[in-house]
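>>> what shape does this take:
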Amino acid sequence: MSTRRDPMMKRIFIALFGFFFLLLFLWHSRQGASLVESMGVADDHLLRGKYAEAIHLYEKLAEKNDPDASSARAGLLRALLITGQYEKVEELANRFLSDHSEEPVLALLLGKSCRLRGKFSEARQAFEKALKGNSSIHDEAQLNLALLFETMGQIPESRAHFSEVFERVMSHSGGRLGLAAIAAKHLERFRQANDFFKQATQENPHDLDPWIWTAWGNLLLEKYNPAEAASVFADVLKVNPNHPEALLGLALSRGEDRGAEVQELLKKVLEINPNLEDAHALLAGIALESEAFDKSAQEIENCLRVNAKSLKALSLKATLYYAQGQDKEFQTQIQEILSFNSHFGEVYLDLANYCVTQRLYKESTEFFKRAIEVNPRLWTAYSGLGINLLRLGELQAAKEVLDKAYQNDPFNVWTFNTLHLMDSYQNFETLKTTDFSLRLHKKESKLLENYVPALLEEAYQTLSSKFKFYPAKPIYFEMFPDHEDFAVRTLGVPGLGALGVCFGRGVVMDSPSARPKGTFNWGSTLWHEFAHVITLGMTGHRVPRWFTEGISVMEEHKARPGWGNDLTLENVRALQEKTLLPINELNSGFIRPKFPGQVQQSYFQAGQACEFIEKEFGFAKILEMLQLFKARYSLEHTLKQALNLSPSEFDQRFNAYLESLYGNILQAVDFKILERKEVLEDHSKLEHLVTEQPDNFFANLKLAGYYRKEGQLEEAIACLNKAKAVFPSYVEADNPYKQLSEIYQQQNRLADAIAELQALTRRNDHDFDSLKQLAQWLNEVGKPDEARKVFQDAMYVHPFEQESHQLLAELSFKHKDLPLALQEYRALLALDPTDKAAAHFNVANVLLQMGQKSEAKKEVLAALEIAPGFEPAQELLLKVVE
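Numbering: from 1, shown residues only. Below is the predicted model of the structure:
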């Protein structure tokens, strides 16, 4: 071999080696870049809620022997945590820590998982391990340790750690403001916490760690701002539509009238994280409120399966025992909770709030007091206590407690609104009767005192005698001319749709001026609410919501013809679509409605159910059921004992009863036709439809409208009579009764017009204009007694029209009904008429006729003071002083 070739071979070898080294370098670089790229993809999946994809990538990357794999391990644990795979988190975290003990973030995530599972000793060890060294997660680890101490009731230790985190973050410009915000919240620096949350999320809007965004939303929820809370949760969900804590927060921010949406949100939450304790707890609470005790117990066990030391679940369990009358188990559960965390006043707060939903106001007050004893800084309990003391009529005590609540938690809208309302009581007057203490607004008390006390006393005597129960006296009664004031008095916040509420010892409701004329009957509402005074009182407030509401609806119907709602179009649709609830679920229709209108539907169903019981089994069974409920027997036991029916058998009998009453109406009311504009707008097609379907309610009603417009009155009358016959309880604005009365008046058939309005007002209790017209027509045809009765009925709808009082007063005076004439002239005077001198004169004249000369003298002098030259008053004065 030539020696010349050796240097050449050497150069070739060196070149090849260099090329190979370059390839190796490029391959390693590509692998590194691929690792970084894969981590970015995995992180993005986690950020966007694609948890399965994130976990798959993290698992591959976490097993690599590469320094960058530590981030993958942390990412994997975070993805497993957010999806509720806590056992796997602990298994992997312990394995990773055995190989990489220098990674404090792994210890932090292990601690979080242990805390969520109630393994507090292990959680503390993990957090303390994460605190060693000067890692970037030091603040987060200490914050978790503070939360752990707080859960365990070690308040001094928890506050010390929260303070350290807060001070340290604030002293470093690069500190995580979100962590400082959480610490501030737990230190009760709520304004500061909100400011820091806002600043933190603005500086880093993509930081979707639940420590920041969801903690902010939860703060807003806690401080009574569900609208802004929902906005925060929605911002999270825009980026990550599968964030379980944000979905849960959105569910919590929804009102109680959006039950179906809440259930759908919770279903999605548990599909993502089947072990999210707070989601199960919310479901348990909803079921408990609705007295679905088995379902509540199941959800409580779901919580405890995840975290055997869950204070929320154990608190709900105590409430469940209380609701079921299991006193021994209830007391044992309370002791267990307080032995673990002696400061956990929330257990009594939960009990108090449950009692409020069940109208157990006296019991709720005692539980609020116990909550404060256990945790004197539980300001929500002070607010609840004050509001419930007010419900019990203890105004001074309520004011003192609410003042303290507001001083320490000015964000509580219930506290603020209730205090503001109590300040307005200076604008009210108090009236006393034999059985009642009334509070009426000064601007209308002089008018309403002519009607309200008498109706209250009538209700007391009638219903107490019927139910053989006489409530303790005095019963308080309040009327509010501003509906939102009534709502605040009832719930602490505006927005209540109800007309009245009973608290057992008293009733509060809208005054007739709180709603537009002709929209409700205040007399019927008063009667309804007083019936609750009876049923709540005689059962110790242990009556199911549906039963007390049903009895009140039934008694409305009995009090006066037309009082209480009849079958409506919405009820017809519910019967057609079979959306009425089983009897053992009917409470939920009042407490947790799943769709708009379900509360009103539940009132109808409850009223019908009670009327069914009375008709089929007798009123004595109503009384027997009330006594069984008082003894805390279940619905199932009560139905079996009183009616010899199971709940399902009751439903079968009740549905058959409804079919017998309304089956023909359900056949006649075809909602689909309302969607067929080509038929509704073409009279020939309507005529064809009526020929084919002579009982079609809407077709007859719409065709009648066409005939009236064309002047074909006899054809219109025929259609209206048919519509009235097939659906007699339809009393909306275009009802057949009103239309027929107008046609008959036009034809000078006044007797027929009167008959139609009489039929209408026997079914519609709040049509003031029809009542007034009917009274005037009755007077015209020489039926003054009937006219006076109808005018009186009109006052239960709208007592603020001067002309009606004038007409009734004159009619009564003419026919020697002097007490009624006096009442109406006084009512007219209370409305500040233009001619006040004449009003005083009329009052004086009636008083003189009744032999009350001294009172008559006062009134005639008042008339002469206004108009000294008023000759009739001068003449009357001479008669008075004779």
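
>>> and the contacts of stretch 725-745?
For stretch 725-745, the external contacting residues (Cβ atoms under 8 Å, 6 or more residues apart in numbering) are 566-569, 572, 664-665, 668-669, 695, 697, 700-701, 704-705, 708, 713, 716-717, 720-721, 723-724, 750, 752-754, 756-757, 759-760, 763-764, 767, 770, 773. The way it works is simple: take the backbone N, C-alpha and C, and place the C-beta from them, glycine included.

>>> sorry, wrong one. I was asking about stretch 127-142.
Residues outside stretch 127-142 that contact it (Cβ under 8 Å, 6+ apart): 104-105, 107-108, 111, 144-145, 148, 161, 164-165, 168-169, 175-176, 179, 211.

>>> before we move on, back to that, just the buried residues of the contacts of stretch 725-745.
Using 16 or more other Cβ atoms under 10 Å as the burial test, the contacts of stretch 725-745 include 566-568, 572, 665, 668-669, 695, 697, 700-701, 704-705, 708, 716-717, 720, 723-724, 753-754, 756-757, 759-760, 763-764, 767, 770, 773 as buried.

>>> did I read that right, residue 161 in a strand?
No. Secondary structure assignment places residue 161 outside any strand; it is helix (DSSP: H, G, I helix; E, B strand; the rest coil).

>>> what about it, how many residues nearby?
When neighbours are counted by other Cβ atoms under 10 Å, residue 161 registers 23.

>>> quick check: chain neighbours aside, which residue is closest to it?
Of all residues not flanking residue 161 in the chain, residue 146 sits nearest, at 3.6 Å (Cβ to Cβ, 6 or more residues apart in numbering).

>>> narrow the contacts of stretch 127-142 to those in helices?
The members of the contacts of stretch 127-142 that map onto helices under DSSP state H are 104-105, 107-108, 111, 144-145, 148, 161, 164-165, 168-169, 179.

>>> the residue nearest to residue 474 when sequence neighbours are not counted sits in which helix or strand?
Distances taken as Cβ to Cβ, 6+ apart place residue 437 nearest to residue 474, at 4.3 Å, with adjacent residues excluded. In the assignment (DSSP states H and E), residue 437 maps to strand 436-441.

>>> that strand pairs with which strands?
strand 428-432 (antiparallel), strand 475-480 (parallel) (DSSP bridges).

>>> pLDDT weak spots in the chain?
1-36, 67-68, 100-101, 173-175, 204-210, 256-257, 483, 485-497 (pLDDT under 70).

>>> quick one: contacts for residue 344?
153, 311, 315, 337, 338, 374, 375.

>>> SS state for it?
Applying three-state DSSP: residue 344 is coil.

>>> distance of it relative to residue 358?
22 Å (Cβ to Cβ, to the nearest Å).

>>> can you check residue 199 too?
Taken as Cβ to Cβ, the span from residue 199 to residue 358 is 43 Å.

>>> more neighbours, those two?
Neighbours of residue 199 and residue 358, each counted by other Cβ under 10 Å, are more numerous for residue 358; the result is 21 against 14.

>>> is it true that the more buried one touches residue 541?
Yes. Assessed by Cβ atoms under 8 Å, residue 358 is found in contact with residue 541 at 6.9 Å.

>>> pull the number of nearby residues for residue 255.
The burial count for residue 255: 11, using other Cβ under 10 Å.

>>> gap between it and residue 234?
Separation of residue 255 from residue 234 (Cβ to Cβ) stands at 16 Å.

>>> report the residue ranges of every domain in the chain.
Listed domain ranges for the chain are 276-343, 539-664, 801-882 (source: automatic domain parsing).

>>> ok, which of these comes nearest residue 240?
In terms of Cβ to Cβ, the element of these nearest to residue 240 is domain 276-343, at 15.0 Å.

>>> measure the closest one end to end?
24 Å (Cα to Cα, to the nearest Å).

>>> gap between it and the chain center?
In this view, domain 276-343 has its centroid 22 Å away from the chain centroid, taken as Cα atoms, centre = their mean, to the nearest Å.

>>> how about stretch 65-78?
Taking Cα atoms, centre = their mean, one finds stretch 65-78 lying 46 Å from the centre of the chain it belongs to.

>>> helices of the stretch 251-400 of the chain, start to end?
Remark: helices assigned in the stretch 251-400 of the chain by DSSP state H, counting those that start in this stretch are 259-272, 277-289, 293-306, 311-323, 327-340, 346-357, 361-374, 379-391, 395-408.

>>> list the contacts for the nearest residue to residue 314 once chain neighbours are set aside?
With sequence-adjacent residues excluded and distances taken as Cβ to Cβ, 6+ apart, residue 314 is closest to residue 337, at 5.2 Å. Listed by Cβ under 8 Å, 6+ apart, the contact set of residue 337 reads 311, 314, 315, 318, 344, 347.

>>> most neighbours out of these, which is it?
For those, neighbours were counted using other Cβ under 10 Å, and residue 347 has the most, 27 neighbours in all.

>>> nearest residue to that one in space, please, no chain neighbours.
residue 315 (4.3 Å).

>>> need the strands paired with strand 436-441 in JSON lines with distance to residue 218 and mean neighbour count, can you?
Formatted as JSON lines, the strands paired with strand 436-441 follow (distance: least, Cβ to Cβ, whole Å; neighbours: other Cβ atoms under 10 Å):
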{"stretch": "strand 428-432", "distance to residue 218": "39", "mean neighbour count": "14"}
{"stretch": "strand 475-480", "distance to residue 218": "34", "mean neighbour count": "23"}
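
>>> export those strands to TSV and tack on distance to residue 862?
Formatted as TSV, the strands paired with strand 436-441 follow (distance: least, Cβ to Cβ, whole Å):
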stretch	distance to residue 862
strand 428-432	20
strand 475-480	27
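
>>> looking at these, which is closest to residue 126?
Residue 126 lies closest, by Cβ to Cβ, to one member of the strands paired with strand 436-441: strand 475-480, at 56.0 Å.

>>> thanks again, I'm all set now.
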